[in-house]
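Colleague: Show me the folded form of this:
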Amino acid sequence: MRNFKRRKDSTIILLIFLSGFVLFHFAGKFAAPLLVYDRQKQPVGFNHAKHGDDVGVSCDTCHFFYDDGSWSGIPKMEVCANCHSEVLGESEEEKKLVMDFIQQNREVEWGLYFRQPQCVSFSHSSHVRGAKLSCETCHGPQGLSRSAVEYLTNRITKYSYVVYDTDVSLTLNTVIGKKEKNIWGTMGMDECAACHRARGTSTACFICHK
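Modeller: A predicted model of the protein is given here:
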């Protein structure tokens, strides 16, 4: 009788453990990303491929270096206004850009999927001009995108991603397993260190952390 009770207690403990394992597995895979990552659309759907392939605008027309070598980053509204002071086509997104922002003299609050912690110092000049890296090396096929993209921001680390396939469900597998396929944009320390090692560049702390 005592042995039967022990086996019964062991079975109950095992079932509780397995139930907890399954519960935490699915919670970690599906629920946690929804809580940790903030998924949003850009305020204006910008078509990179149309500007590049169809119109012939080069990347450095909007994203350029200043004379001192610093990076301009996301273009200000006046850069867009150089071409879009009036509506040129039939795109609803262009109409939104012109009517709601340019003609209202409002800056577009673009979602930034490349933000780094304050302890990181990143030089575009040393990577683009010095190491001759293409923008796609870190940013992915952003310039080839014809459809509107979404972006993810980790509420804790502030690392961020760009989502090229908006039909992709947000799970731990898509954030980690499908990187460089449907989701791109994270520039965490692991990615930077791996790139440096592959190119024979120093991974000393002071290279990136000032």
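Colleague: Strands along this structure, start to end?
Modeller: 37-41, 150-154, 160-163, 183-184 (DSSP state E).
Colleague: Might you list the low-confidence residue ranges for this protein?
Modeller: Counting by pLDDT under 70, the chain shows low-confidence ranges at 1-9, 17, 20-34, 112-115, 140-149, 157-187.
Colleague: Next, please give the residue ranges for the helices of it.
Modeller: 2-26, 32-36, 48-49, 59-62, 77-84, 92-96, 124-125, 136-139, 172, 189-198, 205-208 (DSSP state H).
Colleague: Turn the ones you listed into CSV, columns for mean neighbour count.
Modeller: No exception for glycine: its C-beta is placed from N, CA and C like everyone else's. Listed next are these as CSV, based on neighbours: other C-beta atoms under 10 Å:
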stretch, mean neighbour count
helix 2-26, 10
helix 32-36, 15
helix 48-49, 16
helix 59-62, 15
helix 77-84, 15
helix 92-96, 15
helix 124-125, 16
helix 136-139, 15
helix 172, 15
helix 189-198, 13
helix 205-208, 12
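Colleague: Which of these sits closest to Asn105?
Modeller: Of all the helices of the chain, helix 77-84 sits nearest to Asn105, with 7.4 Å by C-beta to C-beta.
Colleague: got a list of what the nearest residue to Ala81 once chain neighbours are set aside touches?
Modeller: Among residues not flanking Ala81 along the chain, Ile102 sits closest, at 4.9 Å (C-beta to C-beta, 6 or more residues apart in numbering). Listed by C-beta atoms under 8 Å, 6 or more residues apart in numbering, the contact set of Ile102 reads 77, 80-81, 84-85.
Colleague: Would you check which pair of these lies furthest apart?
Modeller: Longest span within the contacts of Ile102, C-beta to C-beta: Met77 and Ser85, 11.0 Å.
Colleague: hang on, the earlier thing: need the contacts of Ile102 in CSV with distance to Lys96, can you?
Modeller: Below are the contacts of Ile102 laid out as CSV (distance: C-beta to C-beta, whole Å):
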residue, distance to Lys96
Met77, 13
Cys80, 12
Ala81, 14
His84, 11
Ser85, 15
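Colleague: hey, what's the residue lying closest to Lys41 once chain neighbours are set aside bridged with?
Modeller: Leaving aside its sequence neighbours, Lys41 sits nearest to Glu150 (C-beta to C-beta, 6+ apart; 5.3 Å). Residues in a beta bridge with Glu150, per DSSP bridges, are Lys41, Val163.
Colleague: Distance of Glu150 relative to Ala49?
Modeller: Applying C-beta to C-beta, to the nearest Å, the value for Glu150 to Ala49 is 17 Å.
Colleague: repeat for Leu14
Modeller: In terms of C-beta to C-beta, Leu14 sits 55 Å off from Ala49.
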